[in-house]
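*Asks:* sharing a sequence plus its predicted fold:
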Amino acid sequence: MALKITLKPGERIIVGGAVIKNGSSSTNLLVENPVPILRQRDILTREEADTPCKRIYLVVQLMYIDGTNLAAHHKIYWSLVKDLLKAAPSTLPFIDRISDLILGAKYYQALKMARKLIEYEEEVVRHARRSAGNL
């Protein structure tokens, strides 16, 4: 069964590693075979990956869309995870789940869990800032 995707004017999407930008009007696409797909709202650029958890998201994103370099992406992932767990052990439940999904080659699901890791990181930072403001 085909996957129907409606793109807004100017919206970008990655389909099978190709970045596609929509023109000036809405467009409907039908993707008829299994291929990695990321909508613009789920794409994180290198410039946006400015925190440890966002860097983990980025490398999982690369695993998902760039299967030809999996070994290199895995190596970077495990290095980032090691550093994150050393600095923030409370992220272990997220990392465990993401890692299990990666080891099962379920990269899209790992990407969704990495999004939750970013949300957790943002929550921790907000809490730390509020606590620091009360000193």
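*Replies:* Happy to help now that I have it. Residues are numbered from 1 along each chain as shown.
*Asks:* can you tell me how far the residue positioned nearest the centre of the chain sits from G23?
*Replies:* Geometric centre of the chain, nearest residue: Y57, 3.7 Å, by Cα atoms, centre = their mean. Counting by Cβ to Cβ, to the nearest Å, the separation of Y57 from G23 is 29 Å. For glycine as for every other residue, the C-beta is placed from the backbone atoms N, C-alpha and C.
*Asks:* pull the longest helix from the protein.
*Replies:* Using DSSP state H to define each element, the chain has its longest helix at helix 107-133.
*Asks:* output the contacting helices and strands for it.
*Replies:* helix 52-65, helix 92-103 (3 or more Cβ pairs under 8 Å, 6 or more residues apart in numbering; DSSP states H and E).
*Asks:* pLDDT on the first one, on average?
*Replies:* Right, helix 52-65. Confidence over helix 52-65 (mean pLDDT, whole number) is 97.
*Asks:* quick check: the gap between the residue nearest to the centre of the chain and A49.
*Replies:* When Y57 is compared with A49 (using Cβ to Cβ), they lie 7 Å apart.
*Asks:* what's the answer for H74, then?
*Replies:* 17 Å.
*Asks:* the two: which is more packed in?
*Replies:* Neighbours around H74 and A49, counted as other Cβ atoms under 10 Å, are more numerous at A49. The numbers are 17 against 14.
*Asks:* where does the prediction get shaky in the protein?
*Replies:* Of all residues in the chain, those with pLDDT under 70 make up the ranges 134-135.
*Asks:* which segments of it make up each domain?
*Replies:* 3-40, 52-133 (automatic domain parsing).
*Asks:* okay, those domains, which one's buried deepest?
*Replies:* Sort the domains of the chain by mean neighbour count, taking mean count of other Cβ atoms under 10 Å, and domain 52-133 sits at the top with a mean of 16.
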